[in-house]
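*Asks:* Quick one: sequence and predicted model below, then my questions.
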Amino acid sequence: MIIIMSRTASEEQVSRIQEHLRNAGFGIHLSQGVERTIIGAIGDRSPELMPTVAAMAGVERVVPILKPFKLASRDFKADSTQVKVGEAVIGGEEAVLIAGPCAIEDEEQLVSTAQQIKAVGGKIIRGGAFKPRTSPYSFQGLKTEGLKLIHEVAKATGLAVVTEVVSPHEVELVAQYVQMLQIGARNMQNFALLQEVGRAKLPVLLKRGMAATIEEWLMAAEYIMKEGNYQVVLCERGIRTFETATRNTMDVSAIALVKEWSHLPVIADPSHASGRRNLVLPLARAALAAGADGLMVEVHPKPETALSDGPQSLDFVQFNNLVKAIVPILEAMGKHL
């Protein structure tokens, strides 16, 4: 439930309500605005205690949160959340561009890609150091060496770094080298990992699972937020359907619906959604038109030699063309790069 305090409520009254709720076993999340204070209370006894809390001094009204996800719900927080990653702010008027190779291969690859990202106004580079692959015989990433490489290259170019973490035991290690942790589609319901990144206090990019419903996706975000980390960015990267012409199916409707249901920012990954570089631009346009707060695009200096996801990676010319082509959509949506 959400307890909306009156404008004249005193600090003592706010504290008394928090103490009452904690004694009843509720988790408390306090939001203090300019005009009033709002208390979010998460617990199983909400229906039982709502009348009692509503009658306490300083309370204006009590509102139930009906959806199973509480902290991620727009009922809990009406204003859209903005997440700062390096110099980028995801969830505001800026459409944030995250780009880079699927997998970190070597320094030359990273340096040239980082320079291209910087040149078009991008602020975040992506690159996988730990690569969970369908086949155990596929390239699994450079691991710690890859983290060190992308950290140094990003530092030299002024970019922030997002990379995937695949195990709870590696969160502390990965967090030393990046500004944002990514939870991949395969790990969306790895609850131990979600809890660990929630405790890491770094922004988290949460990709939708390949067969996850929107509610399951938001419940995964809830696991992170319950640990006290509200810096969550959702990423629609396509879901698995009966269609085989594309790698996945981009759920454009999910972007619009998540913006309605949740205050969390949402970006789109048209590279994984399509699996085909010729479809990355049209899907990027569609996602931005649906309200996406940014894009995550795979870029490689030589896609034909890429160790991972070459067919869906853009070369530098194609990447530059994409950036130019999305400008009219952004202007129509009131956003900018």
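*Replies:* Looks like it came in fine.

*Asks:* residues near K143, how many?
*Replies:* K143 has 15 neighbours, counted by other C-beta atoms under 10 Å. Quick note: C-beta positions are derived from backbone N, CA and C, even for glycine.

*Asks:* Please tell me I have it right and it contacts L149.
*Replies:* No. The pair K143 / L149 is not scored as a contact, 10.8 Å apart, by C-beta atoms under 8 Å.

*Asks:* what ranges do the strands span in the stretch 101-250 of the chain?
*Replies:* 124-126, 160-164, 180-183, 204-207, 232-236 (DSSP state E, counting those that start in this stretch).

*Asks:* Export those as JSON lines, with columns for distance to E11 and mean neighbour count.
*Replies:* Listed next are the strands of the stretch 101-250 of the chain as JSON lines, based on distance: least, C-beta to C-beta, whole Å; neighbours: other C-beta atoms under 10 Å:
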{"stretch": "strand 124-126", "distance to E11": "39", "mean neighbour count": "28"}
{"stretch": "strand 160-164", "distance to E11": "37", "mean neighbour count": "25"}
{"stretch": "strand 180-183", "distance to E11": "35", "mean neighbour count": "24"}
{"stretch": "strand 204-207", "distance to E11": "32", "mean neighbour count": "26"}
{"stretch": "strand 232-236", "distance to E11": "29", "mean neighbour count": "27"}
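
*Asks:* List just the one of those that sits closest to D44.
*Replies:* strand 232-236 (23.4 Å; C-beta to C-beta).

*Asks:* Let me see the backbone angles for L30.
*Replies:* Backbone torsions for L30, taken as degrees, to the nearest 10, come to phi -100, psi 130.

*Asks:* separation between it and S10?
*Replies:* Distance, L30 to S10, by C-beta to C-beta, to the nearest Å: 15 Å.

*Asks:* so is L49 in a helix, a strand, or just coil?
*Replies:* On the three-state scheme (DSSP: H, G, I helix; E, B strand; the rest coil), L49 is labelled helix.

*Asks:* Is it correct that it is in contact with A24?
*Replies:* Yes. With contacts defined as C-beta under 8 Å, L49 counts as touching A24 at a distance of 6.0 Å.

*Asks:* Model confidence for K77, exactly?
*Replies:* Note on K77: pLDDT of 87.

*Asks:* Helix, strand, or coil at it?
*Replies:* coil.

*Asks:* Spell out which residues make up each domain of the protein.
*Replies:* 2-63, 83-332 (automatic domain parsing).

*Asks:* Please identify the deepest-packed of those.
*Replies:* domain 83-332 (a mean of 20; mean count of other C-beta atoms under 10 Å).

*Asks:* Any idea how far that one is from the middle of the chain?
*Replies:* The chain centre lies 8 Å from the centre of domain 83-332; the measure is C-alpha atoms, centre = their mean, to the nearest Å.
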